[in-house]
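> Whatever this is, show me its structure:
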Amino acid sequence: MKEAVLLHKDRLYLFDGRRFSTIEPKRAKKFRVGALVPVRQIVTLTFKLPSTIDHERLAVQVELKMYNEGGLDPNKEYAIDYLVYQMPKKEEYLVEAFALCKEDIDPLLEPFVSKIGFLDILFPKFIAYESLYVDKEAQSDDLIIYIGEEEAFGVIYQKGRYIGYRTIDSLSQLSKAIGIEQVRLKALLANKGLVQSKYAPEEMHIFDALQERFYKIVEKLVYAINHKRSFYGLEGIDRIILDFDGETIEGLDTFIGSFGIEIVRYEPLECCGFDPKQSSLATEAYYLLRYDELPQKINLTFYERGVPWYRYELFRYTAAAVVALLAVVGVLLYLDMEESRLQELIQIKEARLERIKAIDKKLLAKLQKLQQERKALQKQLKELEEQKEVAEETLEAIPFIQKAKLDRERMMNDIVKALYTYRLTTRAIDQNGTREALVDLISKDEQRDRIARFMQYLLQRNYQDVQTKKIQRKDGLYESVVRVAP
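Predicted coordinates for the structure are as follows:
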């Protein structure tokens, strides 16, 4: 496609790859028309699925996951699209799915759609940067940071391939948190950045607040980078590209580098020969212009273009009938040709009926598959509930096990302390769990009273049963086995 139309701030712009020009809705119908959707209105969910399932089942599974795990409301209408990544050395797909609620986007786009009648493509801005790599083989791993008035995010491209995004504070959110006007905040970031020496003493409270907010922003981005390492083998970030109305934020690269991210380059966004201030808009327009060539793309539109009236079958059949009638007017073979035409129509209807039956059969098979999957999921749920009960019983038993361990340690500590206090010698201490301990004591004749004091000490420590089980005298020594029980 040589030209495409982008809806931007309630105006239509025709883009031919070199320049922008405004265009009226009536003329725009000749071209592909697209618009951005706010990232904050998109529900995103990442999950794994077996790579053995076919495309049709994959689409069904993605939709089920989005409703069951993504929190979609079954009473509302959603557009769902997804990107699929083959996991290395595994028979698994990593799927990143996106959903957009019609109820949320209608107030923003319905006034325009009512004029033009359609929107071919609705897409989030983070996927538009795919257009940066379409004409060249990317060699770097890039972190692109977009900071706009109402939304902001960081998006990671690994060798030109999108692998994930993370929302961060927009200018509006930053200005409210710091307590200054948005215009002033934008000027400070563009002119002074995050360099402390550029701020006057009376502005240090602003710098401190900026430093605190950007610390949290960079922390989120670094977490996202580290999270992607395990899935995609991401080794690091070679280049940071800042999409900030053509400006850079001085010191941002140093700030990110302090988190252990080694950066080779830090530069403002430049696209397709446009200057930095126009490059952000150019990436969006190029996404529409080169849409068919992109290896990864997202389309969340509800407003598909209608089929031209001359393509409807009713029109084709009517035209065929009119031509046939005109051709046979005044001809003696009118009845034969009319019969032939009717027979053809019957064959068409029969063929259409067979197609409908085939579709019904396919849908029935699909329903049966879904019912089987539902039974399997119910079985898994039952197994998980049984595992949960076992886990709960185990958790309930842990405090008792811990208490028993502490009781054994307490009994042994008390016996050792009593031995030390009364300077008694023992042959052995046999401890049987928490029920009892047998202490084999040895003492001289003149030390026999120490055994009694040893037993009295343990009784004072709230042991209910302290008694001597065996006493024998040999070679001037007394051997006494004392039983201690709680």
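> Which parts of the stretch 151-300 of the chain are helices?
Ranges of helices in the stretch 151-300 of the chain, per DSSP state H, counting those that start in this stretch, are 171-178, 182-191, 204-232, 252-257, 276-289.
> Out of those, which is closest to Asp120?
Of all these, it is helix 276-289 that lies closest to Asp120, at 8.1 Å by Cβ to Cβ. Backbone N, C-alpha and C define where each C-beta goes, glycine included.
> what comes up buried for the closest one?
If you call a residue buried by 16 or more other Cβ atoms under 10 Å, then helix 276-289 has these buried ones: 276, 278-289.
> Next, format the helices of the stretch 151-300 of the chain as a markdown table and append distance to Arg27.
Shown next, in a markdown table, are those (distance: least, Cβ to Cβ, whole Å):
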| stretch | distance to Arg27 |
| --- | --- |
| helix 171-178 | 34 |
| helix 182-191 | 35 |
| helix 204-232 | 42 |
| helix 252-257 | 42 |
| helix 276-289 | 16 |
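> most neighbours per residue, which of those helices?
Greatest average neighbour count among the helices of the stretch 151-300 of the chain goes to helix 276-289 (a mean of 22), per mean count of other Cβ atoms under 10 Å.
> Convert that one to PDB, retaining C-alpha atoms only.
C-alpha atoms of helix 276-289 as PDB (Å, rounded to 0.1, in the frame of the first residue of the first chain):
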ATOM      1  CA  PRO A 276      12.700  13.800  16.200                       C
ATOM      2  CA  LYS A 277       9.600  16.000  16.800                       C
ATOM      3  CA  GLN A 278       7.700  14.300  13.900                       C
ATOM      4  CA  SER A 279       9.200  10.800  14.400                       C
ATOM      5  CA  SER A 280       6.700   9.700  17.000                       C
ATOM      6  CA  LEU A 281       3.800  10.400  14.700                       C
ATOM      7  CA  ALA A 282       5.700   8.900  11.700                       C
ATOM      8  CA  THR A 283       6.100   5.500  13.500                       C
ATOM      9  CA  GLU A 284       2.300   5.300  13.900                       C
ATOM     10  CA  ALA A 285       1.700   6.200  10.300                       C
ATOM     11  CA  TYR A 286       4.400   3.800   9.000                       C
ATOM     12  CA  TYR A 287       2.700   1.000  11.100                       C
ATOM     13  CA  LEU A 288      -0.400   1.500   9.000                       C
ATOM     14  CA  LEU A 289       1.500   2.000   5.700                       C
END
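> quick one: it to chain centroid distance?
26 Å (Cα atoms, centre = their mean, to the nearest Å).
> Report all helices and strands that it contacts.
strand 4-8, strand 11-15, strand 20-22, strand 32-37, helix 125-128 (3 or more Cβ pairs under 8 Å, 6 or more residues apart in numbering; DSSP states H and E).
> Relative to whichever helix or strand comes after the last one, what are the paired strands and their orientations?
Right, the one you point to is helix 125-128. Sequence order places strand 141-147 as the next helix or strand after helix 125-128, per DSSP states H and E. Sheet pairing here is set by DSSP bridges, and for strand 141-147 it gives strand 152-158 (antiparallel), strand 239-243 (parallel).
> So what touches the first one?
By that I understand strand 152-158. 39, 125-126, 129-130, 132-133, 138, 141-146, 162-171, 173, 220-221, 224-225, 228, 232, 234, 237 (Cβ atoms under 8 Å, 6 or more residues apart in numbering).
> Against Leu269, how distant is the residue nearest to Glu69 when sequence neighbours are not counted?
With Cβ to Cβ, 6 or more residues apart in numbering as the criterion, Glu69 has its nearest non-adjacent residue at 6.1 Å, and that residue is Leu45. In this structure, Leu45 and Leu269 are 28 Å apart, going by Cβ to Cβ, to the nearest Å.
> again with Asp253
Counting by Cβ to Cβ, the gap from Asp253 to Leu269 is 14 Å.
> rewinding a little: quick check: which of the strands paired with strand 141-147 is buried the most?
strand 152-158 (a mean of 23).
> What angle do helix 171-178 and it make with each other?
120 degrees (axes from the mean of the first three to the mean of the last three Cα atoms, to 10 degrees).
> Strand 152-158 vs helix 204-232, what angle?
Going by the same axes, to 10 degrees, strand 152-158 makes 30 degrees with helix 204-232.
> Tell me the helix or strand right after the helix or strand of the chain with the lowest mean pLDDT.
None of the helices or strands of the chain scores lower by mean pLDDT, DSSP states H and E than helix 313-328, at a mean of 47. On the C-terminal side of helix 313-328, the closest following helix or strand by DSSP H and E is helix 334-421.
> what helices or strands is that next one leaning on?
helix 55-68, helix 313-328, strand 425-432, strand 436-444, helix 448-460.
> Pick the most buried one from these.
strand 436-444 (a mean of 19).
> now what about that one, what contacts it?
Contacts for strand 436-444 (Cβ under 8 Å, 6+ apart): 411-412, 415, 419, 424-432, 450-451, 454, 465, 469, 476-485.
> For Leu45 and Leu269, indicate the residue with more neighbours.
Leu269 (24 against 19; other Cβ atoms under 10 Å).
> In this structure the more buried one contacts Ile241, no?
Yes. Applying Cβ atoms under 8 Å, one finds Leu269 in contact with Ile241, separated by 5.3 Å.
> Quickly note the distance from the residue lying closest to Phe112 once chain neighbours are set aside to Leu122.
Excluding the flanking residues, the one nearest Phe112 by Cβ to Cβ, 6+ apart is Leu7, at 6.2 Å. Relative to Leu122, Leu7 is positioned 10 Å away (Cβ to Cβ).
> Which parts of the chain belong to which domain?
4-293, 406-485 (automatic domain parsing).
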